[in-house]
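*Asks:* Pasted the sequence and its predicted model underneath.
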Amino acid sequence: MLRIVTFALLFLVWTSSVANDSAREYFKFAKFSYDSREYSNALDFINSAIAIDQDYTSSLILRAQIYKELSNYNAMIADASRVIEMGNQAISISAQAYLLRGVAYFHVGNIQMALSDFN
């Protein structure tokens, strides 16, 4: 019985590691596509990364940037807000999230919310 439990735990750790690696691989493809200005491809790749790891803040930030290029400001606000709500990331990630959300609020005409995020 102990052997089965040990195997099950090792399997769970391994699959979790594989999933995170897969999310990172999709992120790399998305970033390359974004840098190449292939925004629809980048969106497909980043959506795959987020489907695997929904808490991967770098993916959410990149998707918000992609949405900016596609003028999808409401989706941009949603992703940036999610990163801000998660609250457990580096200061540079938080700053990017507030900046992106502020830009999106500006584009949808919500100047007060934009100013709040810029401060």
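*Replies:* Everything's here; your move. Numbers count the residues shown, from 1 in each chain.
*Asks:* average pLDDT across the one helix or strand Ser33 maps to?
*Replies:* According to DSSP states H and E, Ser33 maps onto helix 2-35. Averaging pLDDT along helix 2-35 gives 68.
*Asks:* again with stretch 50-58
*Replies:* Mean predicted confidence for stretch 50-58 is 94.
*Asks:* tell me, how many neighbours does Asn88 end up with?
*Replies:* 9 (other CB atoms under 10 Å). Quick note: C-beta positions are derived from backbone N, CA and C, even for glycine.
*Asks:* scratch that, Ala51
*Replies:* Based on other CB under 10 Å, the number of other residues close to Ala51 is 12.
*Asks:* With Ile61 instead?
*Replies:* Counted by other CB under 10 Å, the residues lying close to Ile61 total 21.
*Asks:* what do you get for Tyr34?
*Replies:* So Tyr34, with other CB under 10 Å, has 20 neighbours.
*Asks:* Which positions within stretch 37-44 qualify as buried?
*Replies:* Within stretch 37-44, the residues that count as buried by 16 or more other CB atoms under 10 Å are 39, 41-43.
*Asks:* likewise stretch 21-32?
*Replies:* 23, 26-27, 29-31.
*Asks:* And those, which is closest to Ile77?
*Replies:* Nearest to Ile77 among the buried residues of stretch 21-32 is Ala30, at 19.7 Å by CB to CB.
*Asks:* and stretch 45-56, C-alpha only, in CSV?
*Replies:* Provided in CSV are the C-alpha atoms of stretch 45-56 (Å, rounded to 0.1, in the frame of the first residue of the first chain):
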residue,chain,number,x,y,z
PHE,A,45,-0.2,30.3,-27.7
ILE,A,46,-0.7,32.4,-24.5
ASN,A,47,-4.2,31.1,-24.1
SER,A,48,-2.8,27.6,-24.1
ALA,A,49,-0.2,28.6,-21.5
ILE,A,50,-2.9,30.1,-19.3
ALA,A,51,-5.1,27.0,-19.7
ILE,A,52,-2.3,24.9,-18.3
ASP,A,53,-1.3,27.3,-15.5
GLN,A,54,-3.9,30.0,-14.6
ASP,A,55,-1.7,31.6,-12.0
TYR,A,56,1.3,32.2,-14.3
